[in-house]
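Engineer: Quick one: sequence plus predicted model below, questions after.
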Amino acid sequence: MTIRIGIITISDRASVGVYEDLSGPAIRDTLKAYLRSPWEEVYRLIPDEQPLIEATLKALCDDEGCCLILTTGGTGPAKRDVTPEATTAICEKVLDGFGEQMRAVSLKYVPTAILSRQIAGIRGRSLIINLPGKPKSIRECLDAVFPAVPYCVDLIGGHFLETHEDVLKAFRPKG
Amino acid sequence: MTIRIGIITISDRASVGVYEDLSGPAIRDTLKAYLRSPWEEVYRLIPDEQPLIEATLKALCDDEGCCLILTTGGTGPAKRDVTPEATTAICEKVLDGFGEQMRAVSLKYVPTAILSRQIAGIRGRSLIINLPGKPKSIRECLDAVFPAVPYCVDLIGGHFLETHEDVLKAFRPKG
Amino acid sequence: MTIRIGIITISDRASVGVYEDLSGPAIRDTLKAYLRSPWEEVYRLIPDEQPLIEATLKALCDDEGCCLILTTGGTGPAKRDVTPEATTAICEKVLDGFGEQMRAVSLKYVPTAILSRQIAGIRGRSLIINLPGKPKSIRECLDAVFPAVPYCVDLIGGHFLETHEDVLKAFRPKG
């Protein structure tokens, strides 16, 4: 079975064509650089509407069989930013360590990193991670947390992800 | 329109005059040092009663038009410490990054920093930040998080806050 | 009154004898090394069943009079890992700083530390702390957070815990 990975860009403006989605492609390029295992993407570009974000996440987890879903956008403090709310609503478990570490890493670059509410969570056999909206920050955050992603996906019964070790070294504890 | 900032001291003992409130003035002095924009304060001194804290926060957000509200006290593990509970109850969004960073900074001084449950959150166009009770810790925490405050207030539709850059450099990302 | 401390090992396999519980003894040995005050332990070894974990935590808090309860196991992302859920369900307050600091310390050793969902919380006069499953990680985490434990227990009306200062220096702020 092919490994499927969801990429969801959440942006009012990109979804109506006001600007081009650069964040989804930034995730795609990063995954291409990391992953040695063959995989295919399931891509969605949607506005900042909580019911639609929830429905899209559920579809990618339950119907499309994605073991990993990466979202970009909608994690700030503004009224329209509801990605973490949607993620929390459809996940069984929230993993606070992802958000903590992504903010800690982003804080090295900008003091406004504390405004980001990005989280990660588990729904069934899928790991969902909220990423920031800016392409540069996406790579910084993924570099920080992705070493733990393959083992997490193992633990929830997802696919076995192998990485190019020279680019990104995945860590699986022994025993 | 004048910028209004709420300062709420939450303390059973200070509110009945057992000791003088030194924490509210510590917040005031810090804001005076930081802010170049003219502002006026809305000050309250109340006991550790959750319904009263909630009502006071709501009044300062909804009726008094404060774009920023700083509380001090009531964030520890004791039974009477209910400031974070009251803040969570009346906020639409919680910003975990504030509490994380304030604890990380306080940890450099005291290992008991992990006992603090202080949070920050958004209600409408107001940003609420819980600060510790001790004047010295108040300044340490504000120095750590305030660079992100003006941009956060921008994002939620509040006033435009300008700081004395030599004292506290606010950060607003470009684009 | 003797100080009583709960030690709960939560593991499907250890609880049916598939392997020996090494984590409970690791907690016991660490506490023996830390504590100068006389204390007695209340030990339980149970499977990863949320209702049973909740009932055991409640019994140790409410009936057995433990001022401190340390759990090990069940904090990961897998379906059977429900220790944080059980702890949250029976606690009045959650202290996010404990989980943050334990993850930060474990991150120095393994990038998969971000997968741990361990928390700490207060129920009545009892402090409950979730620890990881591995004996080595247990000690690393306790070394990081235990300096704040005696003062926390003071604040919630528990026993006065004294440590061997050469092994573990407890911190109690003055005034």
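Structural biologist: Perfect, thanks for sending it.

Engineer: what are the phi and psi angles of the residue in chain A that chain B sits nearest to?
Structural biologist: Going by C-beta to the nearest C-beta, chain B is nearest to residue A:114 of chain A, at 3.2 Å. All C-beta atoms are positioned from the backbone trio N, CA, C, and that covers glycine. The phi and psi values for residue A:114, taken as degrees, to the nearest 10, are phi -70, psi -10.

Engineer: contacting residues around the closest residue in space to residue A:36 that isn't next to it in sequence?
Structural biologist: Nearest residue to residue A:36, sequence neighbours excluded (C-beta to C-beta, 6 or more residues apart in numbering or on different chains): residue A:162, at 4.5 Å. By C-beta atoms under 8 Å, 6 or more residues apart in numbering or on different chains, residue A:162 lies in contact with A:35-37, A:150, A:170.

Engineer: Let me have those in JSON lines, extended by pLDDT and neighbour count.
Structural biologist: Below are the contacts of residue A:162 laid out as JSON lines (pLDDT from 0 to 100; neighbours: other C-beta atoms under 10 Å in any protein chain shown):
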{"residue": "A:35", "pLDDT": "98", "neighbour count": "21"}
{"residue": "A:36", "pLDDT": "97", "neighbour count": "13"}
{"residue": "A:37", "pLDDT": "97", "neighbour count": "14"}
{"residue": "A:150", "pLDDT": "98", "neighbour count": "26"}
{"residue": "A:170", "pLDDT": "97", "neighbour count": "22"}
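
Engineer: could these be laid out in JSON lines, adding secondary structure?
Structural biologist: Shown next, in JSON lines, are the contacts of residue A:162 (DSSP: H, G, I helix; E, B strand; the rest coil):
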{"residue": "A:35", "secondary structure": "strand"}
{"residue": "A:36", "secondary structure": "coil"}
{"residue": "A:37", "secondary structure": "coil"}
{"residue": "A:150", "secondary structure": "helix"}
{"residue": "A:170", "secondary structure": "coil"}
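
Engineer: Closest one of the residues you listed to residue B:128?
Structural biologist: Closest to residue B:128 out of the contacts of residue A:162 is residue A:150 (39.2 Å), distances taken as C-beta to C-beta.

Engineer: Hmm, residue A:173 and the closest one touching each other?
Structural biologist: No. With contacts counted by C-beta atoms under 8 Å, residue A:150 stays clear of residue A:173, the gap being 11.6 Å.

Engineer: Show the backbone phi and psi for residue A:168.
Structural biologist: With angles defined as degrees, to the nearest 10, residue A:168 sits at phi -150, psi 120.

Engineer: Helices along chain A, start to end?
Structural biologist: A:12-15, A:23-34, A:50-58, A:83-90, A:96-106, A:135-145, A:149-155 (DSSP state H).

Engineer: So for chain C, which of the ones you listed sits nearest?
Structural biologist: It's helix A:96-106; of those, that one is closest to chain C (C-beta to the nearest C-beta) at 3.2 Å.

Engineer: and the closest one with chain C, contact?
Structural biologist: Yes. For helix A:96-106 and chain C, the contact criterion (C-beta under 8 Å from any C-beta of the partner chain) is met by A:96-98, A:100-101.

Engineer: likewise stretch A:87-95?
Structural biologist: Yes. Using C-beta under 8 Å from any C-beta, stretch A:87-95 comes into contact with chain C via A:93-95.

Engineer: Among the residues you listed, which one is most surrounded by other residues?
Structural biologist: When neighbours are taken as other C-beta atoms under 10 Å in any protein chain shown, the top entry among the residues of stretch A:87-95 next to chain C is residue A:95 (25 neighbours).

Engineer: Any idea what the residue sitting nearest the centre point of chain A is bridged to?
Structural biologist: Per C-alpha atoms, centre = their mean, the C-alpha nearest to the average position across chain A is that of residue A:70, at 2.2 Å. Counting by DSSP bridges, residue A:70 is bridged to residue A:7, residue A:129.

Engineer: mind listing what it touches?
Structural biologist: A:5-8, A:27, A:31, A:128-129, A:131, A:142.

Engineer: Show me which of the residues you listed are buried.
Structural biologist: Among these, those classed as buried by 16 or more other C-beta atoms under 10 Å in any protein chain shown are A:5-8, A:27, A:31, A:128-129, A:131, A:142.

Engineer: Close to chain B: what parts of chain A are there?
Structural biologist: A:76-79, A:81, A:96, A:99-100, A:103-104, A:107, A:110-117.

Engineer: If we use 6 Å, what do you get?
Structural biologist: A:77-78, A:100, A:103, A:111-112, A:114-115 (C-beta under 6 Å from any C-beta of the partner chain).

Engineer: Run a quick neighbour tally on the residue nearest to residue A:79 when sequence neighbours are not counted.
Structural biologist: The shortest distance from residue A:79 to any non-neighbouring residue, by C-beta to C-beta, 6+ apart, is to residue B:156 (7.2 Å). Using other C-beta under 10 Å, residue B:156 has 20 other residues around it.

Engineer: Who are the contact partners of residue B:156?
Structural biologist: Going by C-beta atoms under 6 Å, 6 or more residues apart in numbering or on different chains, residue B:156 touches A:77, B:122, B:125.

Engineer: got it, and residue A:163?
Structural biologist: With C-beta under 6 Å, 6+ apart, residue A:163 has these contacts: A:34-36, A:170.

Engineer: Adding distance to residue C:13 as columns, could you present these in TSV?
Structural biologist: TSV is the format used below for the contacts of residue A:163 (distance: C-beta to C-beta, whole Å):
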residue	distance to residue C:13
A:34	33
A:35	32
A:36	32
A:170	25
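
Engineer: Which one of these is nearest to residue C:88?
Structural biologist: Residue C:88 has its nearest neighbour among the contacts of residue A:163 in residue A:170, at 30.0 Å by C-beta to C-beta.

Engineer: Chain neighbours aside, what residue packs nearest to the closest one?
Structural biologist: Closest residue in space to residue A:170, ignoring its immediate chain neighbours: residue A:150 at 4.2 Å, by C-beta to C-beta, 6+ apart.

Engineer: any idea how far the one you found lies from residue C:104?
Structural biologist: 22 Å (C-beta to C-beta, to the nearest Å).

Engineer: which residues of chain A score low on pLDDT?
Structural biologist: Filtered on pLDDT under 70, chain A yields the residue ranges A:175.

Engineer: what does chain A have sitting close to chain C?
Structural biologist: So far as C-beta under 6 Å from any C-beta goes, chain A lies against chain C at A:97-98, A:100-101, A:122, A:147-148, A:151-152, A:155-156, A:171.

Engineer: Identify the farthest-apart pair in those.
Structural biologist: Applying C-beta to C-beta across those, the maximum distance is between A:100 and A:156, 19.9 Å.

Engineer: how many other residues sit next to residue A:40?
Structural biologist: By other C-beta under 10 Å, the residues close to residue A:40 number 9.

Engineer: partners of it in the sheet?
Structural biologist: residue A:4.

Engineer: Tell me how far it lies from residue A:1.
Structural biologist: In this structure, residue A:40 lies at 11 Å from residue A:1, with C-beta to C-beta as the measure.

Engineer: Can you give me the end-to-end span of stretch A:138-157?
Structural biologist: 26 Å (C-alpha to C-alpha, to the nearest Å).

Engineer: Okay, buried residues for that stretch please.
Structural biologist: Neighbour count says stretch A:138-157 has A:138-142, A:144-156 buried, by 16+ other C-beta under 10 Å.

Engineer: cool, stretch A:49-63 as well?
Structural biologist: A:49, A:52-54, A:56-58, A:60-61.

Engineer: CA atoms only: put it into PDB for me.
Structural biologist: Provided in PDB are the C-alpha atoms of stretch A:49-63 (Å, rounded to 0.1, in the frame of the first residue of the first chain):
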ATOM      1  CA  GLU A  49     -13.800  28.000   7.900                       C
ATOM      2  CA  GLN A  50     -13.800  25.700  10.900                       C
ATOM      3  CA  PRO A  51     -16.500  23.200   9.700                       C
ATOM      4  CA  LEU A  52     -14.700  22.900   6.400                       C
ATOM      5  CA  ILE A  53     -11.300  22.400   8.000                       C
ATOM      6  CA  GLU A  54     -12.800  19.700  10.300                       C
ATOM      7  CA  ALA A  55     -14.500  17.900   7.400                       C
ATOM      8  CA  THR A  56     -11.300  18.100   5.300                       C
ATOM      9  CA  LEU A  57      -9.200  16.700   8.100                       C
ATOM     10  CA  LYS A  58     -11.700  13.900   8.700                       C
ATOM     11  CA  ALA A  59     -11.800  13.000   5.000                       C
ATOM     12  CA  LEU A  60      -8.000  12.800   4.700                       C
ATOM     13  CA  CYS A  61      -7.800  10.600   7.900                       C
ATOM     14  CA  ASP A  62     -10.800   8.400   7.500                       C
ATOM     15  CA  ASP A  63     -11.400   8.100   3.700                       C
END
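
Engineer: That'll do, ta.
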